[in-house]
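Novice: mind looking at a prediction? Sequence and model below.
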Amino acid sequence: MAVASSATTALISSSNPSLNSKPRNLHPKISPNSQLSLSSKLSITPSISLFSHTPHIRLTHFTTTTTHKKFAVFASLESKPTVLVAEKLGDAGLDLLKSFANVDCSYNLSPEELCTKISLCDALIVRSGTKVTRDVFDLLVGRLKVVGRAGVGIDNVDLGAATEHGCLVVNAPTANTVAAAEHGIALLTAMSRNVAQADASVKAGEWKRNKYVGVSLVGKTLAVLGFGKVGSEVARRAKGLGMHVVAHDPYAPADRARAIGVELASFEEALATADFISLHMPLTSATAKVLNDDTFAKMKKGVMIVNVARGGVIDEDALVRALDSGIVAQAALDVFTQEPPAKDSKLVMHERVTATPHLGASTMEAQEGVAIEIAEAVIGALNGELAATAVNAPMVPAEVLNELKPYVQLAEKLGRLAIQLVAGGSGVKTVKVGYATSRAPDDLDTRLLRAMITKGLIEPISSTFVNLVNADFTAKQRGLRITEERILLDGSPESPLESIQIQIANVESKFASAISDSGEIRLQGRVKDGIPYLTKVGSFEVDVSLEGSIILCRQVDQPGMIGRVGSVLGEENVNVSFMSVGRLAPRTHAVMAIGVDEPPSSQVMKRIGEIPAIEELVFLKS
């Protein structure tokens, strides 16, 4: 017999979770002082300080002035930590660091020099040029407590190795916002008036006024793809130029859009209506080459494109083709898939492309802001604090990881599947999570599962790395409210959970059958033999492994459908791992869930969709 718990807890209550609150022992195998983490992007944070700075012995040598050179070694007790700054940092940030720590500014270090110096340091600050690899962490003896990345991306830091060695990694994600937005507007206006091309022409001794006639921005439609901090600032400035602005972002708060005067739209609507497109999305598996031959074909002929986000969101070969065909009239690019791009790059050398060398954050003010932000994050970490910019944390004890790992995987995968089902421009605001369990409330810590659901919902379309430390803060920043409900089951509490269910309210779905009778997108899953399974889509029962990706099809329930769909996949060399059909009643409607090892091509999806009994279908990356 199942008894529904009446406790539905609002989880987003503070933008800066306290680390000094009284610890609760929510799991019999976790003590209040345990330090837990699941991966390089997920952690369980202890209620006590993560790091406690203690004095340490420093060995020093000196040379005597006697005839024979001798070396004496003595020990001094230091009260300050030591911070190695391996790349140039603004003076304001250095001043903050020097007020707290001994600061060693050593630039252009070789990997060997870096390893030698870092062994005597408590913290390391880098920009994008220094590679903090696994080799660096493996050579340490545990003294390094924090790596600070002065900027947004952390591609040059091995997060997995940092986590294994108990080293926190923090970044500075907000200080560049205005600078990046201003550069986007600079490229927009320069492109519309052919500034770069006209400048080169005049300097070459030419005077071709008729060749460089531009277009006005007033009254034109700008589509902002990615309505986060930078995208919002670009939209504000574009409105000031008299442009009509539409934005696409699944997490765009409607109230913020209304305040700026921006219309939220679906991705397809934004592409179809835009005279100008400005990209402000992170580079993730979901956004890689999001502008490609197919999406260029959906744009207005003569559209102009600005990219100050990440180079990989554009298929650069496809952009060259779109420029040559006239679909894209001009492009202004600050970022490229390969940086610096090849000297003979067709894209860079194209006469209708304006290119800058990744200058989005290159203002004096932004550099100082980044320096202050990363200095504060590093000082906080050395003081035992964990800021919202933390992107990893210490490891999980083996016994806890062994029990929770499959459920953690299930939670993240359900979140990833659910966000891919959301369509339209209204944005995700409310997510309800239900846990069916026989465990008592104090015998199951759902913070870990909630963080992974948040991670699954946010990371596919965001550059934020979500962990237990920043999950609630990150959700609150995006206007996302997550509530939890426990469904108490009779039975043995040997297994932590029977199932996890996610419901997203007040959104449209790309797959109408995922909408439940009560009007929400609903997905449910469980763990079988250590493997996460999808067991419910909307009101339809299915049973498909989440080890690969999934094709969902709604069909008229009739004989031969499994064979017809399977034949198409087989002919196109798409390997099927699982196939499950759920129906409400025989010969009515059914949902087929197909697990596939490889993403199907658009041609495969088209062929399946052309089967007469197929009513809708969608591909979801698991």
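Specialist: Here it is on my side, so go on.
Novice: so where do the helices sit in the stretch 351-500 of the chain?
Specialist: Remark: helices of the stretch 351-500 of the chain, listed N- to C-terminal, are 364-382, 398-421, 447-458, 471-477; assignment by DSSP state H, counting those that start in this stretch.
Novice: in stretch 430-450, what's buried?
Specialist: Taking 16 or more other C-beta atoms under 10 Å as the basis for neighbour counts, the residues of stretch 430-450 that come out buried are 431-439, 444-450. Every C-beta, even on glycine, is put in place using the N, C-alpha and C of the backbone.
Novice: farthest-separated two in these?
Specialist: Checked with C-beta to C-beta, those reach their widest spread between 431 and 438, with 24.1 Å between them.
Novice: show me what the helix or strand that contains residue 116 is in contact with.
Specialist: When elements are defined using DSSP states H and E, residue 116 is found to belong to helix 111-118. Among residues not part of helix 111-118, those counted as contacts by C-beta atoms under 8 Å, 6 or more residues apart in numbering are 84, 86, 104, 106, 109, 124, 130-131, 133, 135-136, 139-140, 144.
Novice: give me the buried subset of the residues you listed.
Specialist: When the contacts of helix 111-118 are checked against 16+ other C-beta under 10 Å, the ones flagged as buried are 84, 86, 109, 124, 130, 133, 136, 140, 144.
Novice: ok, the fourth one - contacts?
Specialist: Shown in contact with residue 124 (C-beta under 8 Å, 6+ apart): 83-84, 86, 118, 132, 144, 146-148.
Novice: give me the next element, helix or strand, following the host helix or strand of it.
Specialist: For residue 124, the enclosing helix or strand under DSSP H and E is strand 123-126. Note on strand 123-126: by DSSP H and E, the next helix or strand toward the C-terminus is helix 134-138.
Novice: so who does the spatially closest residue to residue 487 that is not a sequence neighbour touch?
Specialist: The spatial neighbour of residue 487 that comes closest, neighbours along the chain excluded (C-beta to C-beta, 6 or more residues apart in numbering), is residue 436 at 4.4 Å. For residue 436, the contacting residues are 2, 487, 489, 497-501, taking C-beta under 8 Å, 6+ apart as the criterion.
Novice: return the subset of those residues lying in strands.
Specialist: Counting by DSSP state E, these place 2, 487, 489, 499-501 in strands.
Novice: among the contacts of residue 124, name the ones in strands.
Specialist: Using DSSP E, 83-84, 146-148 are the members of these that sit in strands.
Novice: just the residues you listed now: which is nearest residue 553?
Specialist: Out of the ones in strands among the contacts of residue 124, the one with the shortest distance to residue 553 is residue 147. That distance is 46.1 Å, counting by C-beta to C-beta.
Novice: does residue 149 touch residue 170 like I think?
Specialist: Yes - at 7.2 Å, residue 149 and residue 170 qualify as touching, with contact defined as C-beta atoms under 8 Å.
Novice: spit out the residues that contact these two alike.
Specialist: Taking C-beta under 8 Å, 6+ apart as the contact criterion, the common neighbours of residue 149 and residue 170 are residue 374.
Novice: doesn't residue 224 fall inside a strand?
Specialist: Yes - assignment of residue 224 by DSSP: H, G, I helix; E, B strand; the rest coil places it within a strand.
Novice: quick check on the contacts of residue 436: which are buried?
Specialist: 489, 497-501.
Novice: nearest residue to residue 370 other than its sequence neighbours?
Specialist: residue 175 (4.4 Å).
Novice: element containing the one you found?
Specialist: Taking DSSP H and E as the definition, residue 175 sits outside all helices and strands.
Novice: and it, how far from residue 255?
Specialist: 25 Å (C-beta to C-beta, to the nearest Å).
Novice: kindly report the same for residue 441.
Specialist: As judged by C-beta to C-beta, residue 441 and residue 255 stand 35 Å apart.
Novice: again with residue 185
Specialist: Taking C-beta to C-beta as the measure, residue 185 and residue 255 are separated by 24 Å.
Novice: and residue 164, by the same measure?
Specialist: When C-beta to C-beta is the yardstick, residue 164 and residue 255 sit 42 Å from each other.
Novice: which one of these two has more residues nearby?
Specialist: Comparing residue 164 with residue 255 by neighbour count (other C-beta atoms under 10 Å), the higher total belongs to residue 164, at 17 against 10.
Novice: what distance do you get for that one to residue 134?
Specialist: Residue 164 sits 9 Å away from residue 134, going by C-beta to C-beta.
Novice: correct me, but residue 184 touches residue 277?
Specialist: No - under the contact definition of C-beta under 8 Å, residue 184 does not touch residue 277, with a separation of 11.2 Å.
Novice: shared neighbours, these two?
Specialist: Taking C-beta under 8 Å, 6+ apart as the criterion, residue 184 and residue 277 both touch residue 306.
Novice: higher neighbour count, these two?
Specialist: Using other C-beta under 10 Å, the more surrounded residue of residue 184 and residue 277 is residue 184, with 27 against 23.
Novice: so what's that one up against?
Specialist: Contacts for residue 184 were tallied using C-beta under 8 Å, 6+ apart; they are 230, 234, 278, 280, 306, 308, 334, 360.
Novice: before we move on, what about residue 605?
Specialist: Contacts for residue 605 were tallied using C-beta under 8 Å, 6+ apart; they are 551, 617, 619.
Novice: what is the nearest of these to residue 355?
Specialist: The shortest separation between residue 355 and any of the contacts of residue 605 is 34.2 Å, and it belongs to residue 619 (by C-beta to C-beta).
Novice: can you get me a residue count around the residue nearest to residue 617 when sequence neighbours are not counted?
Specialist: Take residue 617 and drop its neighbours on the chain: the residue closest to it by C-beta to C-beta, 6+ apart is residue 553, 4.4 Å away. Residue 553 sits with 24 neighbouring residues when counted by other C-beta under 10 Å.
Novice: in what helix or strand does residue 162 lie?
Specialist: With elements taken from DSSP H and E, the one containing residue 162 is helix 159-164.
Novice: which is the next helix or strand following that helix?
Specialist: Taking DSSP H and E as the definition, the helix or strand that follows helix 159-164 towards the C-terminus is strand 168-171.
Novice: dump the helix or strand following that following strand to PDB, restricted to CA.
Specialist: Once strand 168-171 ends, the next helix or strand along the chain (criterion: DSSP H and E) is helix 177-192. Extracted as PDB, the C-alpha positions of helix 177-192 are listed here (Å, rounded to 0.1, in the frame of the first residue of the first chain):
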ATOM      1  CA  THR A 177      29.200  40.500 -18.800                       C
ATOM      2  CA  VAL A 178      29.100  44.200 -19.800                       C
ATOM      3  CA  ALA A 179      32.300  44.000 -21.800                       C
ATOM      4  CA  ALA A 180      31.000  41.000 -23.800                       C
ATOM      5  CA  ALA A 181      27.700  42.700 -24.400                       C
ATOM      6  CA  GLU A 182      29.300  45.900 -25.500                       C
ATOM      7  CA  HIS A 183      31.600  44.000 -27.900                       C
ATOM      8  CA  GLY A 184      28.500  42.300 -29.400                       C
ATOM      9  CA  ILE A 185      26.900  45.600 -30.000                       C
ATOM     10  CA  ALA A 186      30.100  47.000 -31.500                       C
ATOM     11  CA  LEU A 187      30.300  44.100 -34.000                       C
ATOM     12  CA  LEU A 188      26.600  44.500 -34.800                       C
ATOM     13  CA  THR A 189      26.900  48.200 -35.700                       C
ATOM     14  CA  ALA A 190      30.200  47.800 -37.500                       C
ATOM     15  CA  MET A 191      28.900  44.900 -39.500                       C
ATOM     16  CA  SER A 192      25.700  46.800 -40.500                       C
END
